[in-house]
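Participant: Sequence and predicted model, in that order:
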Amino acid sequence: MIERPAESVQKAGFSDYLAAERTLLVWIRTGLALMGFGFVVARFGLFLEEIRGFRAAASEQGYGFSLWFGTALIGAGVILNIFAGSHHMRTVRMLDSGEVPRGHHTVLGVMVAFLLAAIGLTMAVYLVSIRR
């Protein structure tokens with residue numbers, strides 16, 4: 001068995017760290033966008049009630065499903081940022097130790113896309129149903 005000299009371990013370059021940081025910043029921006037959009041969706045029910053003229057009953061009635069969808073989006077943004085931070089720390093540790101990071105999984109991105117599609121479709125159905 002041929003052993004490699006210790007010097008043959010490839011060290012991570014500066015560009016590898018910058019790429020990992022860019023990826024982290026993109027995921028953070030996505031998480032923040034989800035949280036901001038969640039806040040808007042959560043307050044959308046209040047906006048609809050104000051338009052309908054239910055100012056007196058607004059405190060008694062809920063905001064419909066928009067509060068739940070908005071809260072779900074805010075929660076998804078928080079979870080996404082936690083995953084992004086932990087993935088970044090793992091990647092930097094691997095780069096520091098000279099390991100080559102495994103190919104990244106696209107599962108998280110696909111899950112976020114499907115979650116947003118499902119929430120968007122459900123909100124569209126909700127908006128059509130309250131119009132009647």
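Facilitator: It's in.
Participant: Now stretch 65-80: average pLDDT?
Facilitator: Stretch 65-80 shows a mean pLDDT of 86.
Participant: again, but for stretch 38-51
Facilitator: Average pLDDT, stretch 38-51: 78.
Participant: Can you point out the buried residues in that stretch?
Facilitator: Buried residues in stretch 38-51, defined by neighbour count with 16 or more other CB atoms under 10 Å: 38, 41-42, 44-46, 48-49. C-beta here means a position set from N, CA and C on the backbone, and glycine is covered the same way.
Participant: And the helices in the protein?
Facilitator: 14-52, 66-96, 107-131 (DSSP state H).
Participant: from the ones you listed, which stretch is densest packed?
Facilitator: helix 66-96 (a mean of 17; mean count of other CB atoms under 10 Å).
Participant: relative to helix 107-131, how tilted is it?
Facilitator: With axes from the mean of the first three to the mean of the last three CA atoms, to 10 degrees as the basis, helix 66-96 and helix 107-131 are set at 170 degrees to each other.
Participant: Surely residue 115 touches residue 76?
Facilitator: Yes. In terms of CB atoms under 8 Å, residue 115 counts as a neighbour of residue 76; the distance is 6.0 Å.
Participant: The residue lying closest to residue 85 once chain neighbours are set aside: what's it in contact with?
Facilitator: Distances taken as CB to CB, 6 or more residues apart in numbering place residue 24 nearest to residue 85, at 7.3 Å, with adjacent residues excluded. Counting by CB atoms under 8 Å, 6 or more residues apart in numbering, residue 24 makes contact with 84-85, 87-88.
Participant: Save these as JSON lines, and put in pLDDT and distance to residue 98 too.
Facilitator: Below are the contacts of residue 24 laid out as JSON lines (pLDDT from 0 to 100; distance: CB to CB, whole Å):
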{"residue": "84", "pLDDT": "89", "distance to residue 98": "23"}
{"residue": "85", "pLDDT": "92", "distance to residue 98": "23"}
{"residue": "87", "pLDDT": "87", "distance to residue 98": "19"}
{"residue": "88", "pLDDT": "90", "distance to residue 98": "18"}
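Participant: For the residues you listed, work out which two are farthest apart.
Facilitator: Spanning the widest gap among the contacts of residue 24 are 85 and 87, at 7.3 Å by CB to CB.
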